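> 3D model of this:
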Amino acid sequence: MNGPGDNVNPVPLAAQVTTGEAERFAIRSAVPRRVAHPKTPGEVAELLADATAKGDSVVPWGGGTHQGIGASPERYDIACSLSHLNEVVAYEPADLVVTVQAGMTLGQAQDHLREKGQFLALDGGRPEMSTIGGMLATNSSGPSRLLYGSARDLVLGMQVALPNGHLVRSGGKVVKNVVGYDLNKLHIGALGTVGTICEITFKVHPLPRSEGTILAHFTDFDAANEVAENLARSNLSLRSVIAFSGSLRSAPADIRQPAGTTVAVWCAGWPAAVERQKRDVIAALSGAGASAVFGPNPQAHETFWAGISRPTALGVQVKLASLPSRIGELVAVSSDLASQASDAEADWIVYAGVGIARLAFTGGSVDLIRRIRDATALRGGTCVVESADGVPIDPVLAWGPVRDDFALMKRVKAQFDPKRTLNPGRFVGGI
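Numbers count the residues shown, from 1 in each chain. Next comes the predicted model:
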């Protein structure tokens with residue numbers, strides 16, 4: 001464990017804090033008083049120690065693509081931009097391990113790894129803007145989660161700056177690391193409320209030798225959802241299976257349809273295996289009653305999955321989660337509620353096999369979000385607000401009612417951040 005100020009750049013901290021760009025770091029109506037641009041993990045730790053001593057609040061900031069998640073901050077004094085922490089710290093291609101700084105974008109990391117025929121199995125954000133640290137802090141995941149798992153399955157170790165000014169490391173830099181407590185997972189999905197992620201060590205994967213996409217249109221939602229779940233649970237080792245609303249705005253224009261549901265299947269692996277996947281997938285989709293089965297041209301494959309990761313923001317976007325067998329029902333009920341309230345069809349995506357869906361709609365209101373959350377809870381699921389333009393968001397609306405484990409979460413927050421320096425009020429229960 002390093003102390004505050006270790007390896008700190010000699011430039012005074014005050015010289016790294018600006019006041020003329022605060023609007024760019026606004027969270028809904030909350031605007032920071034200052035913006036800091038630390039250049040090293042040591043400077044992040046120094047900033048947090050100084051803010052804690054003065055009673056200031058700090059919001060860690062990556063690319064800003066996930067700042068709509070959570071409630072509005074109770075206090076917002078300093079935005080801590082991590083844009084300068086964008087280096088590859090270490091890379092061992094033979095060991096399939098890489099260490100990167102938290103401010104590096106996903107696109108930058110993938111470009112670096114691609115040179116060695118490897119990639120980081122994270123997706124679900126905007127690669128050109130979404131930073132690695134921000135994706136971990138919000139536990140962002142996308143289509144590839146079906147085959148590769150979430151961020152929790154990919155992270156081997158972390159370096160984190162704590163509000164007391166200490167830099168701490170957890171985990172390690174090898175795939176087989178089982179020593180000590182797995183504190184990495186404490187920070188994944190914690191919205192930066194107990195520490196600021198500075199460096200991360202990941203296990204990476206070889207790039208697939210062959211890839212392809214199969215698409216199918218259905219007029220019957222239940223048939224589409226059932227075949228998608230069956231394919232996701234099959235022994236074909238598919239990279240992703242999703243079902244989405246036919247009129248989804250983030251889908252390419254040539255595959256949209258006025259109504260119905262589209263199923264997309266991502267095949268990846270060795271060429272012979274991909275050909276087998278395609279044959280079996282086409283047979284399953286046709287047998288389930290698809291009105292059309294086709295694939296985009298090879299050049300459109302990568303563009304399709306990059307664009308389809310999330311519904312186009314329509315003002316409000318929520319993430320629904322439940323058992324995979326129930327997620328289709330949650331989407332059907334929630335999209336009906338949204339359509340009735342806003343007089344417009346909602347956009348939605350179901351990530352088959354993992355029990356996650358995203359729903360975006362116009363005309364959002366506090367009452368509509370509550371009704372969707374209540375309908376989801378009634379069916380054993382959860383609803384988290386990921387963005388809500390123009391809608392006042394409190395912790396209960398953002399995350400839902402607290403659960404039985406909230407007392408433990410409060411104790412963890414009190415231990416790591418007793419003065420509530422980091423993101424005060426934004427996480428579950430307003431901690």
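> Name the nearest residue to A290, sequence neighbours excluded.
Spatial nearest neighbour of A290, excluding adjacent residues (CB to CB, 6 or more residues apart in numbering): A216 at 3.8 Å. For every residue, glycine as well, the C-beta is placed using N, CA and C.
> ignore the last one, F304
P296 is the one closest to F304 (CB to CB, 6+ apart), at 5.4 Å.
> Repeat that for S322.
Using CB to CB, 6+ apart, the nearest residue to S322 is G381, at 3.3 Å.
> Name all residues that make contact with the one you found.
G381 sits next to 320-322, 326-327, 330 when contact means CB atoms under 8 Å, 6 or more residues apart in numbering.
> ok, now G133?
Applying CB under 8 Å, 6+ apart, the residues contacting G133 are 60, 62, 82, 85, 101-103, 196-198, 200.
> Look up the closest residue to it, ignoring the ones flanking it.
A102 (2.7 Å).
> my guess is G107 is in a helix, correct?
Yes: assessed by DSSP: H, G, I helix; E, B strand; the rest coil, G107 belongs to a helix.
> Neighbours of it, how many?
When counting by other CB atoms under 10 Å, one arrives at 15 neighbours for G107.
> So it sits against E128, correct?
Yes: with contacts counted by CB atoms under 8 Å, G107 reaches E128, the gap being 4.8 Å.
> that older thread, correct me, but the residue nearest to F304 touches T213?
Yes: the pair P296 / T213 is scored as a contact, 5.7 Å apart, by CB under 8 Å.
> Quick check: neighbours shared by those two?
With CB under 8 Å, 6+ apart as the test, P296 and T213 both reach F304.
> Which secondary structure element is home to the residue nearest to A290?
Per DSSP states H and E, A216 falls inside strand 210-218.
> Please list all residues in contact with T52.
T52 sits next to 163-165, 419, 421 when contact means CB under 8 Å, 6+ apart.
> low-scoring stretches of the stretch 201-350 of the chain, by residue?
Along the stretch 201-350 of the chain, segments meeting pLDDT under 70 span 298-299, 309-314, 342-345.
> ok, back up a step: which one of the contacts of G381 is nearest to G142?
For the contacts of G381, the closest approach to G142 (CB to CB) belongs to A321, at 14.3 Å.
> re the thing from before, adding distance to L183, write the contacts of G381 out as TSV.
Output for the contacts of G381, formatted as TSV (distance: CB to CB, whole Å):
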residue	distance to L183
L320	29
A321	24
S322	28
R326	32
I327	30
L330	32
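> So which of these belong to strands?
320-321 (DSSP state E).
> Among the contacts of G381, which one lies nearest to V97?
For the contacts of G381, the residue nearest V97 by CB to CB is A321; the value is 29.9 Å.
> quick one: contacts for the closest one?
327, 355-357, 381-382, 384.
> if we go to 6 Å?
Applying CB atoms under 6 Å, 6 or more residues apart in numbering, we find A321 in contact with 355-356, 381-382.
> Out of these, who's the most crowded?
Neighbour counts for the contacts of A321 (other CB under 10 Å) peak at G381, which has 24 neighbours.
> Could you tell me how far that one is located from V318?
Going from G381 to V318 by CB to CB, to the nearest Å gives 11 Å.
> Equivalent analysis for P324, please.
Note on P324: its distance to V318, by CB to CB, is 18 Å.
> Check L186 too.
Using CB to CB, L186 is found at 25 Å from V318.
> who's more crowded, these two?
The neighbour count for L186 versus V318, taken as other CB under 10 Å, is higher for V318 (27 against 16).
> and the more buried one, what are its phi and psi?
Backbone torsions for V318, taken as degrees, to the nearest 10, come to phi -120, psi 150.
> so what's it bridging to?
L359, V385 (DSSP bridges).
> which residues sit in contact with it?
Taking CB under 6 Å, 6+ apart, one finds 359, 383, 385 in contact with V318.
> Any chance of those residues in CSV with pLDDT as columns?
Formatted as CSV, these follow (pLDDT from 0 to 100):
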residue, pLDDT
L359, 91
C383, 94
V385, 92
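> Show me how the chain divides into domains.
Domain assignment for the chain by automatic domain parsing gives 1-207+401-431, 210-308, 316-399.
> Name the nearest residue to the most centrally placed residue in the chain, ignoring sequence neighbours.
The centroid of the chain falls nearest to S140 when counting by CA atoms, centre = their mean (1.3 Å). Among residues not flanking S140 along the chain, G124 sits closest, at 4.8 Å (CB to CB, 6+ apart).
> same deal with A137?
G192 (4.7 Å).
> picking that back up, contacts for the strand holding A216 next, please.
Strand 210-218 is contacted by residues 224, 257, 260-268, 271, 274, 278, 281, 285, 290-296, 301 when judged by CB under 6 Å, 6+ apart.
> buried set for it?
Using 16 or more other CB atoms under 10 Å as the test for burial, strand 210-218 gives 210-218.
> cool, stretch 116-126 as well?
Buried residues in stretch 116-126 (16+ other CB under 10 Å): 118-126.
> my guess is N86 meets T105, correct?
No: counting by CB atoms under 6 Å, N86 stays clear of T105, with 7.4 Å between them.
> Now do the stretch of helix or strand Q340 belongs to: distance to the chain's middle.
Using DSSP H and E, the element containing Q340 is helix 324-342. In this view, helix 324-342 has its centroid 21 Å away from the chain centroid, taken as CA atoms, centre = their mean, to the nearest Å.
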